[in-house]
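S.K.: sequence first, predicted coordinates after that:
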Amino acid sequence: MIEGIPITHVLIVSAFMFFAGICGFIVRRNMITILMSIELILNAVSINMVVFNKYLFPDQLQGHFFALFIVGIAAAEASVAIALIINIYRRLASINVEQVNEMKH
Amino acid sequence: MALNVWMFYFLATVIAVCSVLTITSRRILRAAFYLLCVLVATAGLYFLFDYQFMAGVQLVLYAGGIVVLIIFSILLTSHISQKFPKPEAIRLITGIVVGVSGFALAMLAILKYAFKATDSAAIRIDMHTIGNQLLGTGKNGYALPFEVISILLLAAMIGAIIIAKKGK
């Protein structure tokens, strides 16, 4: 662990980031900004994994690899989501979540 | 206070301020820029914790790859000068209530729990160890998730190409 930085302070930062992401997920209506909120959430979780590894289990690398896989999954998710967003924009000329309800029927 | 402690609080401030600005900024390109700041500051945190490989992956994949992808899709789908309208009051209140109450709950849990570290000696984290464990099949081996995620990335790449290409 690092002298002078307690684990709770790091966890507070990542919890703040996580709930900022959740708040943005609810408030925003543009699909790309919703995607940004999801990136914030994933990033907060991967900070948590790295910190737990560093402070609590420094004899293993599990948290490190978990954070690595989270980054990979975030990349896959972002690429598919952006492909969907571009396709939706091409068909409906809008990426506002309230106007994209044609798939309901 | 040591310099790295100052650095930590600086990075924490950048992360907190920029993540709030990411979800409140009414110009979409600025929101993307604030997201980039958050991701780079996170990479700084990883450097501070001495996880150089993780910080490099964060910079290359997140700050370099995903943010560029997001900015490209912004340029393809929105007008730069366009400002979002103010969100409806009910949605705004719901979001803030959920965020604040969730944060308070998490704070309660974090501040009450007594974290206990293991007594075992820390291992050195260099590229050699990471590579051996990532492709190892024995104890502390992560070959299976590594292969699974490579198939996932391939599937995501093919899926993204098929979804985004123009119709026949």
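M.R.: Structure received. Numbering: from 1, shown residues only, chains lettered A, B, ... in the order given.

S.K.: going forward, measure contacts between C-alpha atoms and count neighbours the same way
M.R.: Fine.

S.K.: secondary structure element for A:E98?
M.R.: Assigned by DSSP states H and E, A:E98 belongs to neither a helix nor a strand.

S.K.: excluding sequence neighbours, find me the nearest residue to it.
M.R.: Spatial nearest neighbour of A:E98, excluding adjacent residues (CA to CA, 6 or more residues apart in numbering or on different chains): A:R29 at 7.3 Å.

S.K.: hang on, isn't the one you found packed against A:V97?
M.R.: Yes. Using CA atoms under 8 Å, A:R29 is in contact with A:V97, at 5.6 Å.

S.K.: who's more crowded, these two?
M.R.: Taking other CA atoms under 10 Å in any protein chain shown, A:R29 and A:V97 do not tie; A:R29 has more neighbours (19 against 13).

S.K.: which helices and strands does the helix or strand hosting B:L75 pack with?
M.R.: Using DSSP H and E, B:L75 sits in helix B:67-77. Judged by 3 or more CA pairs under 8 Å, 6 or more residues apart in numbering or on different chains; DSSP states H and E, helix B:67-77 is in contact with helix A:31-55, helix A:62-92, helix B:28-48.

S.K.: which of those helices sits closest to B:L144?
M.R.: helix A:62-92 (11.8 Å; CA to CA).

S.K.: average model confidence for the closest one?
M.R.: Averaged over helix A:62-92, pLDDT sits at 90.

S.K.: that helix: which residues count as buried?
M.R.: A:62-89 (16 or more other CA atoms under 10 Å in any protein chain shown).

S.K.: any low-confidence regions in chain B?
M.R.: B:167-168 (pLDDT under 70).

S.K.: apply 90 and report the result again.
M.R.: Within chain B, the ranges that satisfy pLDDT under 90 run B:1-5, B:25-28, B:49-51, B:62-65, B:76-89, B:91, B:113-142, B:163-168.

S.K.: the domain parsing of it - what is it?
M.R.: B:1-81, B:127-168 (automatic domain parsing).

S.K.: report the angle between the axes of the helix holding B:L75 and helix A:31-55?
M.R.: Interaxial angle of helix B:67-77 relative to helix A:31-55 (axes from the mean of the first three to the mean of the last three CA atoms, to 10 degrees): 170 degrees.

S.K.: next, the angle helix A:62-92 makes with helix B:67-77.
M.R.: Using the same axes, to 10 degrees: helix B:67-77 against helix A:62-92 is 10 degrees.

S.K.: just to revisit the earlier point, go back to the buried residues of helix A:62-92 and keep what's next to chain B.
M.R.: A:64-65, A:67-69, A:71-73, A:75-80, A:82-84, A:86-87, A:89 (CA under 8 Å from any CA of the partner chain).

S.K.: close to chain A, is stretch B:23-36?
M.R.: Yes. Applying CA under 8 Å from any CA, one finds stretch B:23-36 touching chain A at B:I23, B:T24, B:I28, B:A31, B:A32, B:L35.

S.K.: and what about the closest residue to B:M127 other than its chain neighbours, helix, strand or coil?
M.R.: Excluding the flanking residues, the one nearest B:M127 by CA to CA, 6+ apart is B:F53, at 7.4 Å. Assigned with DSSP: H, G, I helix; E, B strand; the rest coil, B:F53 falls in the helix class.

S.K.: residue of chain A nearest chain B, please.
M.R.: Closest residue of chain A to chain B, CA to the nearest CA: A:L56 (4.0 Å).

S.K.: nearest spatial neighbour of that residue, chain-adjacent residues omitted?
M.R.: Nearest non-adjacent residue to A:L56, counting by CA to CA, 6+ apart: B:A117, 4.0 Å away.

S.K.: is it true that that neighbour touches A:K54?
M.R.: No. The criterion here is CA under 8 Å, and B:A117 misses it with A:K54 at 9.5 Å.

S.K.: higher neighbour count, those two?
M.R.: Per other CA under 10 Å, whichever of B:A117 and A:K54 has more neighbours is A:K54, with 23 against 14.

S.K.: my guess is that one contacts B:F49, does it?
M.R.: Yes. With contact defined as CA under 8 Å, A:K54 reaches B:F49; the gap is 7.2 Å.
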